[in-house]
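>>> Here is the input, now give the coordinates:
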Amino acid sequence: MSSLRRTDLLALSHLRNDGRKPHEIRKMSIQIGPLTSCGAASGSAIVQMGLTVALATVRGPAECTRRSDELPDRAVLDVTVRSAPFAPSGDRRPANPSTDRRLVEQSNLVKKAMEATILLHLYPRSRISIDIVILADDGGRLCAGINAATLALVDAAVPLRDMVCACSAGLAAGAGADGADVELVDLNGIEARSFGGEAAVHLPCATMPQRGTVVLAQCEARVALPTFERLLAAAMEGCAAVFDIMQASVRERGAALLAARNGNAAIESGF
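As a prediction, this is how the structure comes out:
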């Protein structure tokens, strides 16, 4: 009797390479305020999505160091995305966040997503800085960075229109029971690179779930409009699942702070 490999069993069960269902997100854990209590930042958060880990810190609102950088009607938002040398599984050479094309592009995408939710007009002639460090990268680092930045802003008490929640979606060609294409939610590193030797269709998406607004949707592959609409719907479904986890984490953090204020608990900081 021949033994089946794990990948064969997952394929027969129509499950993904990590055992998830097509519309199931990876296990997500959140830590709010690991660097806030020690005064290292105004707000901070660590978000882990599967094996991808992102640390975000927020500093400000604060005065601009140069008057030429000030804007009279709103705050200036600076976003920097960096990757730790030990984060990727392949090339471990340090990447410069100011010259690396991918990091610069992701910094701009995070900035646009955060500008859509932060009430910048409340802080004219000031600066808000968001620093995101990718500590481990197994796919979806842009989505993990956006989620970590949102929670760090909440921890820093920066007023927001809504929480920005991010999740990715992809297309597995011919992975269905009848050979049809299947939409996958929250792609990991293997899924984001290829499906069966073909280039992956990858759609990172960020939404404001309570408003039903899409603030980011980027797909580098050429797909038909009906296929893109299916991918976007799957990504928004993943964002809704991420929002439930983030909202529960914020409420838990708020309850812990309230209990500490009343002298019934202590807030632990650090990793």
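>>> for residue 250, what are its contacts?
By Cβ atoms under 8 Å, 6 or more residues apart in numbering, the contact set of residue 250 is 32, 151, 154, 163. C-beta here means a position set from N, CA and C on the backbone, and glycine is covered the same way.
>>> Columns distance to residue 112 and neighbour count on top of the residues you listed, output as a markdown table?
Formatted as a markdown table, those follow (distance: Cβ to Cβ, whole Å; neighbours: other Cβ atoms under 10 Å):
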| residue | distance to residue 112 | neighbour count |
| --- | --- | --- |
| 32 | 24 | 23 |
| 151 | 18 | 27 |
| 154 | 19 | 22 |
| 163 | 16 | 20 |
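>>> Which one of these is nearest to residue 80?
residue 151 (17.2 Å; Cβ to Cβ).
>>> nearest to residue 62, of the contacts of residue 250?
Distance to residue 62, by Cβ to Cβ, is smallest for residue 154 among those, at 18.1 Å.
>>> and the contacts of residue 250 as JSON lines, adding distance to residue 249?
Below are those laid out as JSON lines (distance: Cβ to Cβ, whole Å):
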{"residue": "32", "distance to residue 249": "6"}
{"residue": "151", "distance to residue 249": "7"}
{"residue": "154", "distance to residue 249": "9"}
{"residue": "163", "distance to residue 249": "11"}
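>>> which ones among those are found in strands?
residue 32 (DSSP state E).
>>> ok, of the contacts of residue 250, which one's closest to residue 124?
For the contacts of residue 250, the residue nearest residue 124 by Cβ to Cβ is residue 154; the value is 22.0 Å.
>>> my guess is that closest one contacts residue 162, does it?
No: using Cβ atoms under 8 Å as the test, residue 154 is too far from residue 162 to be in contact (11.0 Å).
>>> Which parts of the helix or strand where residue 260 lies count as buried, going by neighbours?
In the assignment (DSSP states H and E), residue 260 maps to helix 225-261. Buried residues in helix 225-261, counted by 16 or more other Cβ atoms under 10 Å: 227-228, 230-232, 234-239, 241-243, 245-246, 249-250, 253, 256.
>>> before we move on, what about stretch 166-185?
166-172, 175, 181-185.
>>> quick one: residue 230 from residue 193, how far?
With distances taken as Cβ to Cβ, to the nearest Å, residue 230 is found 21 Å from residue 193.
>>> Identify the residues contacting the closest residue in space to residue 185 that isn't next to it in sequence.
In space, and not counting its chain neighbours, residue 185 is closest to residue 238: 4.1 Å by Cβ to Cβ, 6 or more residues apart in numbering. By Cβ under 8 Å, 6+ apart, the contact list for residue 238 reads 23, 25, 167, 168, 169, 185, 186, 205.
>>> And residue 138, by the same measure?
Residue 138 is in contact with 50, 51, 52, 89, 188, 189, counting by Cβ under 8 Å, 6+ apart.
>>> Many thanks, have a good one.
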